[in-house]
Structure formats: structure tokens, C-alpha cells
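Colleague: coordinates only, sequence not included:
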């Protein structure tokens, strides 16, 4: 019921925002379209410069010199904290990086979006490396759910393409409103989810303490009905053993193949004249690639779910504790596209949707964070390679900020995992996720207000 209410909130909010475009007009009677400078492909440069030459100045590059100053110190501190908390929550942090790079460092928004992708790629890569070296918190399984990664990654990449197109069509104020509606909704929903998990963990800890104080203080199973126990004592493994058990080469090969195909299509499309027949062929080829991979994984999950229902097996097919019905699979596809669309509009990795969604479908926080970060590594690296080929960001800044994010992603995971083990509360991850999304909403408001004041 709560999920349906959240979906209804998003649909109603988005509908009102989009319909308001038809009622908000400029002083000359025409609709006011201030096109966002955060477009993420060379297509947008062409489209913006040709039919709307009046905004061509917004496409000029503004690359400050990389030298020691209070701006660099502030960007380093914010970037480190944003990367650390963003990767722990599985949301990346692009909603914080882009305003930080524009308002503090002084980059134009297009370059800031490209550098934001560099930071997300660095943080997510180091986080994936860290997560591959730790074990699943409650069972013998990879901490990354490859089934869910295969389900969401192609839709996420397809959504990024959709987001790039919408960034040309939608006025900037509408994009800001839509993203703020989304961020407030997901952060609020995640916060209440975290509070609920905190209460469940409190009940579990009290029951565990009562057992320890009783005469029967053995290490046997607790007679406690709980959805999960993130802190059951387990046999310690070496990091090499964890690395081997966490790698699933078949899933990785498929994900890398999808990544390469999307990259080649994007490169070919960027070198093709806009709106030609060949351009639209390359653009439309992305859809069957994404749909084929998603459909393969969706059919696999659906068949396995039905087989277990018939045999009376109540064990979940994957980490998600939902019924893999056709309706739920379609819902997951739409959420994946929505996450990628937000990434295309904002310059983030799409984790602002994927992280909360994984929690919503029953994935425990540690696995949700690891899986979302793993998927973001592919989506962000795809954009970084394309931006590099298009010379869309200064290399020294990109390497510096990526280095900051790499360290932040690793040590953020390290300290938060230690904190979870000490406090025995996995809900900390969900609180961090909610906080990062809410902070992103605030920075979007501040960035929008600053841009409007500068007009």
C-alpha cells in the first residue's frame, strides 16, 4: 500500500509539473524555454546551437585553472564526503557534485555534469572493489546480486538516452521541479523505511540480549521471526576467498557486453548528422539491445519464481523478496528507465532511483548498496569514456576529482561497515541514502535559485 501511495505521489506531482508548461508563458506570449546546460551528448550541442542560437552562450566551456585555493579545498572536502556517503547509500552523489562544481569551483554546468560522472565512476569503482572483498551478511551468496544487476543495467542505460533527449525538450525549470519532486519523495520514503528497520533492529537486539542473560545462552538459532539478521556470527574468510565467491563471470561478461554495445552506438551516433536516417537507426538500436537483455533476465526470474511456487519452495529467487509477476517486472523496467532518465537530466549515475527501489523490493541494505553501486559503475564509466572522446572535461580536474572519489568510496565503505558491525544496525545505510538524496534536493534548489538570479 505504501509503495502504491508513493507511485501515486510521483505520478500526480509529475503530471502537475508537466501540465504547468502549457500555462506558464513568457512576456511575448510564447512558452518560456530555458534549455538546461546539463545536456550529456554532442547531439545537444548541435540541437541547442541550431534552432536556439540565443542560448549558445550557455554552451561555452568555463574551465577554471587547477590551483590551490579555498575553492579547491571546499570542493575536495564536499567531494570526499559526497562520494563516501553517496556510494555507501548506493546513490552516487551526482545531485551534490554538479551544484558544487558550478557554484563553488566555477565550471559551466555541462562540464560539471561530465566531471560529476568522473567522480561517480571513481567512487563506485573503488566501492565495488571493496564490496567484492567482503562476504554476504547472512548467507553463502555474492554480496552483489547479478540477477538484479542484469535486470536493471540495460534499462538504466536506455533511460540515460531518454534523459538526454528530454533535457533538450524540457525547460530547465521543469527539470528542476521534476527532480526536486522525485528527490523529496524518495528521501522521505527511504527515511521512513530506515526508521522502520531501526525499530526492527531494536527489537532484535533486545531479544538477543534477553537470550544472553538467560540460562540458555548457547549459539543456536534464535526463535525470532525476523526478515533478516544482518549480524549473525559467521565463519571468517580471507578477502581472496570472498573475492572468488563474489565474482560471477557469466553475469559480468553479459554486463560488459551491453556496456560495449551502448558505447559503440553512442560514439557512432555522436559522429552522425542529427536527424538523418542513419542517426535514427543508431538511436533506435539501443532499444532492442536493452529490451533483449532485460527480457532474458525477466523471463528467467519469472520462470524460476513459478517453479518454486509449484514446488512449495518459499525461498526467494534472488535477493528481492517480491513476486516476480509480469506486473512487477514491468514496474522494475519502468523504474530502471526512470532512474536512467534522472541520470541523463542531472548528470548522476541513476542511483537516486535504483538504491531506494532495491530497498523497496526487499533487498537488505548491504546488498542493495553493493548492487546499486555495481550498476552505477557501468553507467557512469560509459558516460566518462564518451565525455573523454568528446573532450568535455579538463583532464587534470577529472583525474584529481576521480582520485578524491576513489579514496572516499573505499574508506567510506570501510568505516560505515565497521560502524554497522559495532552498532549492529544495517539501517544506517538507509539513513545515509535518505540524507544524501535530501541534500541533493536542497542543492538543486540552491543551484536553481543561483542560476535564476544570474539571468
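Modeller: Received the coordinates, thanks. Keep in mind it's a predicted model, so treat the numbers as computed, not measured.
Colleague: can we go C-alpha only for contacts and neighbour counts from here?
Modeller: Fine.
Colleague: ok, then the element right after the strand or helix carrying residue 421?
Modeller: Using DSSP states H and E, residue 421 sits within helix 395-423. Next helix or strand after helix 395-423 toward the C-terminus (DSSP H and E): helix 427-454.
Colleague: Show me what stretch 407-424 is in contact with.
Modeller: The contact list for stretch 407-424 (C-alpha atoms under 8 Å, 6 or more residues apart in numbering) reads 80-81, 83-85, 87-88, 122-127, 129-131, 201, 230-231, 426, 428-429.
Colleague: so of those, which ones are in helices?
Modeller: 80-81, 83-85, 87-88, 122-127, 129-131, 201, 428-429 (DSSP state H).
Colleague: Show the buried residues in those residues.
Modeller: Neighbour counting by 16 or more other C-alpha atoms under 10 Å classes 80-81, 83-85, 87-88, 122-127, 130-131, 201, 428-429 among the ones in helices among the contacts of stretch 407-424 as buried.
Colleague: Tell me where the model's unsure across this protein.
Modeller: 1-11, 14, 17-18, 21-60, 167-168, 212-236, 314, 317, 346-350, 448-455 (pLDDT under 70).
Colleague: measure the residue positioned nearest the centre of it to residue 72 for me?
Modeller: Closest to where the C-alpha atoms of the chain average out (C-alpha atoms, centre = their mean) is residue 351, at 1.0 Å. Distance from residue 351 to residue 72, counting by C-alpha to C-alpha, to the nearest Å: 26 Å.
Colleague: now swap in residue 198 and tell me
Modeller: If you go by C-alpha to C-alpha, the gap between residue 198 and residue 72 works out to 37 Å.
Colleague: In the stretch 1-150 of the chain, what residue spans correspond to strands?
Modeller: Assigned by DSSP state E, counting those that start in this stretch, the strands in the stretch 1-150 of the chain number zero.
Colleague: Excluding chain neighbours, what is closest to the residue nearest to the centre of the chain?
Modeller: Leaving aside its sequence neighbours, residue 351 sits nearest to residue 91 (C-alpha to C-alpha, 6 or more residues apart in numbering; 3.9 Å).
Colleague: Now for the one you found: which residues touch it?
Modeller: Shown in contact with residue 91 (C-alpha under 8 Å, 6+ apart): 349, 350, 351, 352, 353, 354, 355, 372, 373, 433, 436, 437.
Colleague: Residue 252 now?
Modeller: residue 146.
Colleague: Let the chain start at 18 from now.
Modeller: All right, first residue 18 from here; so that's residue 269.
Colleague: Show me where the stretch 218-367 of the chain has its helices.
Modeller: 256-263, 266-287, 294-328, 343-363 (DSSP state H, counting those that start in this stretch).
Colleague: Just tell me which of the ones you listed ends up closest to residue 125.
Modeller: In terms of C-alpha to C-alpha, the element of the helices of the stretch 218-367 of the chain nearest to residue 125 is helix 343-363, at 13.6 Å.
Colleague: What residues sit buried inside that closest one?
Modeller: Residues of helix 343-363 classed as buried: 346, 349-363 (neighbour count, 16+ other C-alpha under 10 Å).
Colleague: would CSV of the helices of the stretch 218-367 of the chain with distance to residue 194 be doable?
Modeller: Listed next are the helices of the stretch 218-367 of the chain as CSV, based on distance: least, C-alpha to C-alpha, whole Å:
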stretch, distance to residue 194
helix 256-263, 40
helix 266-287, 28
helix 294-328, 28
helix 343-363, 12
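Colleague: quick one, helices of the stretch 68-217 of the chain?
Modeller: According to DSSP H, counting those that start in this stretch, the stretch 68-217 of the chain carries its helices in the segments 87-106, 111-117, 126-149, 163-186, 189-230.
Colleague: Export those as JSON lines, with columns for distance to residue 411.
Modeller: Shown next, in JSON lines, are these (distance: least, C-alpha to C-alpha, whole Å):
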{"stretch": "helix 87-106", "distance to residue 411": "15"}
{"stretch": "helix 111-117", "distance to residue 411": "15"}
{"stretch": "helix 126-149", "distance to residue 411": "8"}
{"stretch": "helix 163-186", "distance to residue 411": "21"}
{"stretch": "helix 189-230", "distance to residue 411": "25"}
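Colleague: closest one to residue 281 among these?
Modeller: Using C-alpha to C-alpha, these put helix 163-186 closest to residue 281, at 13.0 Å.
Colleague: Show me how far that closest one is from its chain's centre.
Modeller: Centroid separation between helix 163-186 and its chain, computed with C-alpha atoms, centre = their mean, to the nearest Å, is 11 Å.
Colleague: Which neighbouring elements make contact with it?
Modeller: Judged by 3 or more C-alpha pairs under 8 Å, 6 or more residues apart in numbering; DSSP states H and E, the packing partners of helix 163-186 are helix 59-66, helix 266-287, helix 294-328, helix 343-363, helix 382-406.
Colleague: Okay, buried residues for it please.
Modeller: Neighbour counts over helix 163-186 (16+ other C-alpha under 10 Å) mark 163-185 as buried.
Colleague: same check, this time on stretch 144-161
Modeller: If you call a residue buried by 16+ other C-alpha under 10 Å, then stretch 144-161 has these buried ones: 144-145, 147-154, 159-161.
Colleague: In a markdown table, list the residues you listed along with distance to residue 133.
Modeller: Shown next, in a markdown table, are the buried residues of stretch 144-161 (distance: C-alpha to C-alpha, whole Å):
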| residue | distance to residue 133 |
| --- | --- |
| 144 | 16 |
| 145 | 18 |
| 147 | 21 |
| 148 | 22 |
| 149 | 24 |
| 150 | 26 |
| 151 | 27 |
| 152 | 30 |
| 153 | 30 |
| 154 | 31 |
| 159 | 29 |
| 160 | 26 |
| 161 | 24 |
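Colleague: out of these, who's nearest residue 292?
Modeller: Residue 292 lies nearest to residue 145 out of the buried residues of stretch 144-161, by C-alpha to C-alpha, at 38.4 Å.
Colleague: So residue 139 sits against residue 423, correct?
Modeller: Yes. Counting by C-alpha atoms under 8 Å, residue 423 is a contact partner of residue 139 at 4.7 Å.
Colleague: and the closest residue in space to residue 289 that isn't next to it in sequence, how many neighbours does it have?
Modeller: Once flanking residues are discounted, residue 289 sits nearest to residue 296: 5.8 Å by C-alpha to C-alpha, 6+ apart. When neighbours are counted by other C-alpha atoms under 10 Å, residue 296 registers 17.
Colleague: try residue 336
Modeller: Neighbours around residue 336, by other C-alpha under 10 Å: 21.
Colleague: check contacts around it.
Modeller: Residue 336 touches 162, 379, 380, 381, 384, counting by C-alpha under 8 Å, 6+ apart.
Colleague: Equivalent analysis for residue 374, please.
Modeller: residue 352.
Colleague: what's the distance between it and residue 457?
Modeller: 17 Å.
Colleague: Same check on residue 368?
Modeller: 12 Å.
Colleague: Check residue 131 too.
Modeller: Residue 131 sits at a distance of 17 Å from residue 457 (criterion: C-alpha to C-alpha).
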